[in-house]
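Engineer: I'd like to go over a predicted model; first the sequence, then the structure.
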Amino acid sequence: MSSSDITGRRRRWVLLAVGAAAVVTLALTGTEIVRSFNGPVDMQGNRVQAEDAVPPTSESSAVPAIGDDRFVVESVGLDVPLGALNAVDGVIEPPGFTSAYWVRNEGVPPEQARKGTVFVVMHSLRNGATGPGNYLIDVDRRTSKVGIGAEIQVDDTTYTVTGTQEIDKPDIAHASAIWEDEPGRLVVITCLQRPDGGRSQQNVVIEAVRS
């Protein structure tokens, strides 16, 4: 098997689970009713349940924001903590539903933004719940809510959005342009939710460059 085949297979799994979370709200209109007060919450304090298994923190080496590290998209009103995680067996699955996470084993860390691409992922949620990714997507129009020219702040670095795209989850593995490691570049990925509330089938990819 060629190295490109191995990379393609790994990345096919990398984004399979990103944002794939179903809300389990306390409201009667939710898909389920959570009767336990334990478990993760969304940005509104609703209890949520991941559709796919979330790797334990010890496996993903996920860490919460350190100090004042933030992920900010002022144009859509998003301002959340910035944590970090590793891909686990080729799968990126944010462990929480209220933060953005940069990916340690893709590209470069935020403090080395001049040297390469910073990859940031986060959950979007469905059935009435709100994750960071929900701020970035226009569900009805099936596209990104963040326009070209908008600014994104990742820790101490400000980027300007240069493009957005919607891509089927199985196809992102082979979209080599997305995975290029280029100086001063940012790639933000979340799930594009569906108007009918069904399980997400696409990712939204937002690309930006250092301002």
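Structural biologist: Looks like it came in fine.
Engineer: And the helices in the protein, which stretches?
Structural biologist: Remark: helices assigned in the chain by DSSP state H are 3-14, 57-60.
Engineer: Now do the same contact list for Asp155.
Structural biologist: Each residue near Asp155 by C-beta atoms under 8 Å, 6 or more residues apart in numbering is listed here: 69-70, 82, 110-111. Quick note: C-beta positions are derived from backbone N, CA and C, even for glycine.
Engineer: Please apply the same query to Val146.
Structural biologist: Contacts for Val146 were tallied using C-beta under 8 Å, 6+ apart; they are 73, 75-76, 136, 152, 161, 164, 206.
Engineer: Quick one: residues contacting Asp69.
Structural biologist: Per C-beta under 8 Å, 6+ apart, neighbours of Asp69: 81-83, 110, 155.
Engineer: how many other residues sit next to the residue nearest to Glu74 when sequence neighbours are not counted?
Structural biologist: Excluding its sequence neighbours, the residue lying closest to Glu74 (C-beta to C-beta, 6 or more residues apart in numbering) is Glu151, at 6.5 Å. For Glu151, the count of nearby residues is 15 (other C-beta atoms under 10 Å).
Engineer: Then Ser211?
Structural biologist: Using other C-beta under 10 Å, Ser211 has 11 neighbouring residues.
Engineer: go on, Gly147?
Structural biologist: Gly147: 11 surrounding residues under other C-beta under 10 Å.
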